[in-house]
Every structure is written in C-alpha cells, then in structure tokens.
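>>> just the structure for this:
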Amino acid sequence: MMPISLRTALLAATMGALLLAAPGCSLFRSDDKLQQQLQDCQGELQKVQRQRDELQEMSLDQQKQIRSLQGLGPKRLEKLYHVKSIEIGRYTAGVDNDTKPGDDAVKVFVRPLDQNGDVIKAAGDMTIQLFDLSLAPKNTLIGQCHHGVDELTKYWASGFLTYQYTFECSWKTPPKGAEVTVRAEFVDYLTGKHHVVQTVAKVKPPPAAATQPAK
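This next block holds a predicted model:
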C-alpha cells in the first residue's frame, strides 16, 4: 500500500497539472487572437501611411504647378497656341446626297485659326446653322447640326494643303432660292470663348421648293 504522503504528493501534482493546463490553453488561444489583431492593425497602419505619402506627393506636385503658373504670369495664354478666330472655307456649298434633283444639305468647311493666322486643330463644340433669309423671320432657320467635343475629332481632315473640319448639315425645310446663309459657332475648350462666323453659300434647291412662294 502506497504511503499517505506519497499519495498526497501525487494527487497534488496531478491537480496542479490540470489547473495549469486549462488556463494555459486559453492563454495561448488568447495570445493567437491578440497576435492576429496586432497584425491587422499593423496592416491598416501601413495602408494609412501609404495614403499619407501619396497625398503628400500630390500636394507637392500641386504646389510646384502653382508656382510654375505664377511664374508664367497672367498673360501666359497669349504665349500658347489657341483659337483666335474661325473661318468658313470658300468651297462651302450645297451638296446632293440622294438621287432626287436639287441639293439636300450644305457641306461646310471650318478652320480654327490661332493668333498667327495658322490653322490649328482645337478641342471644343461646333454648331452649324442654315438660314434662308428670304423667309419670314420666324422661319429663317431651316437646318442645324451640333457636334460635341467627343465627336468633333472625326470631322477633322488633314492632308496636302488641307487642314479643316468638314461637316454636312442637312436642312429640314428646303431653301426657296439659290443662297443659304451659313453660321458657324465654335466654343473653345481651352479659353471658353465663343467664336462665330457666317457666310453665304450657293445651293441648288429642289425644283418644288424653288417654285413655291415664300411665306
């Protein structure tokens, strides 16, 4: 039979081991959770630091840009090539796109000109209007077409001695006579200015329209 003192010692050792084991496992689990949370926080901190660095770099770039613009002075736009005026080409005239007698549209050539009088390709909005001034004032507008900045580039033509925008603007009401007033308006996206020009174009109205009395 085992002595009482030895049995007591073994029992105490066993209970001690059990007491240590249970809290120890919980502590290890708790440590793992805290370690994961710490890693998550470190990741978030690194992300915030990267964003801070990007914002600081952006701010420095903007400050540099502001200093550069201030150094160029208020008249810097005059030193850039920009649209000073527009002109309508001399070959602007009526065009026949169908098999019926007479024209049904006007082909309009528009050239933006810079401060030196040279043709330049510029971004902006273009509006073409056709007028028959022989009609009553409320009916003079017989056709209109608008081309925004996103589509304007496809109307640009460049080649041998040719640099211009080319548009075909159809009329809703045929003109009564052989002349149509063409008005072109260009809104320059660089300066925000509106440039307007107009001219008279020769057309061949459909026979039925030419014989009808003006209203």
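
>>> list the buried residues in the helix or strand harbouring Gly143.
Per DSSP states H and E, Gly143 falls inside strand 141-147. Within strand 141-147, the residues that qualify as buried are 141-143, 145, 147, counting by 16 or more other Cβ atoms under 10 Å. Placement of C-beta: from N, CA and C, glycine included.

>>> got it, and stretch 82-101?
Buried-residue list, stretch 82-101, by 16+ other Cβ under 10 Å: 82-84, 86-89, 92-95.

>>> got it, and stretch 172-179?
Applying 16+ other Cβ under 10 Å to stretch 172-179 flags 174-176, 179 as buried.

>>> same question, stretch 122-138
122, 124-132, 135.

>>> do stretch 185-202 as well
185-188, 195, 201.

>>> just the C-alphas of it, formatted as PDB.
This file holds the C-alpha atoms of stretch 185-202, laid out as PDB (Å, rounded to 0.1, in the frame of the first residue of the first chain):
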ATOM      1  CA  GLU A 185     -20.100  78.800 -83.800                       C
ATOM      2  CA  PHE A 186     -17.100  77.200 -82.100                       C
ATOM      3  CA  VAL A 187     -16.700  77.100 -78.300                       C
ATOM      4  CA  ASP A 188     -13.000  76.700 -77.500                       C
ATOM      5  CA  TYR A 189     -12.400  74.400 -74.500                       C
ATOM      6  CA  LEU A 190      -9.100  75.900 -73.800                       C
ATOM      7  CA  THR A 191     -10.300  79.500 -73.300                       C
ATOM      8  CA  GLY A 192     -14.100  79.100 -73.100                       C
ATOM      9  CA  LYS A 193     -14.500  81.700 -75.800                       C
ATOM     10  CA  HIS A 194     -17.300  81.600 -78.400                       C
ATOM     11  CA  HIS A 195     -16.100  82.200 -82.000                       C
ATOM     12  CA  VAL A 196     -18.800  83.000 -84.600                       C
ATOM     13  CA  VAL A 197     -18.600  83.500 -88.300                       C
ATOM     14  CA  GLN A 198     -21.100  83.400 -91.200                       C
ATOM     15  CA  THR A 199     -21.100  83.400 -94.900                       C
ATOM     16  CA  VAL A 200     -23.400  82.900 -97.900                       C
ATOM     17  CA  ALA A 201     -23.300  79.500 -99.700                       C
ATOM     18  CA  LYS A 202     -24.600  78.700-103.100                       C
END
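
>>> what comes into contact with it?
Residues outside stretch 185-202 that contact it (Cβ atoms under 8 Å, 6 or more residues apart in numbering) are 77, 80, 82-83, 85-88, 92-94, 106, 108, 110, 112, 122-127, 129, 149, 178-184.

>>> picking that back up, just give me the closest of the buried residues of strand 141-147 to Gly43.
Nearest to Gly43 out of those is His147 (Cβ to Cβ; 50.8 Å).

>>> give me the nearest residue to the closest one, chain neighbours excluded.
Met126 (4.7 Å; Cβ to Cβ, 6 or more residues apart in numbering).

>>> rewinding a little: possible to save the buried residues of stretch 122-138 as a markdown table with distance to Leu34 and secondary structure?
Shown next, in a markdown table, are the buried residues of stretch 122-138 (distance: Cβ to Cβ, whole Å; DSSP: H, G, I helix; E, B strand; the rest coil):
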| residue | distance to Leu34 | secondary structure |
| --- | --- | --- |
| Ala122 | 63 | coil |
| Gly124 | 62 | strand |
| Asp125 | 62 | strand |
| Met126 | 66 | strand |
| Thr127 | 68 | strand |
| Ile128 | 72 | strand |
| Gln129 | 74 | strand |
| Leu130 | 78 | strand |
| Phe131 | 81 | strand |
| Asp132 | 85 | coil |
| Leu135 | 86 | coil |
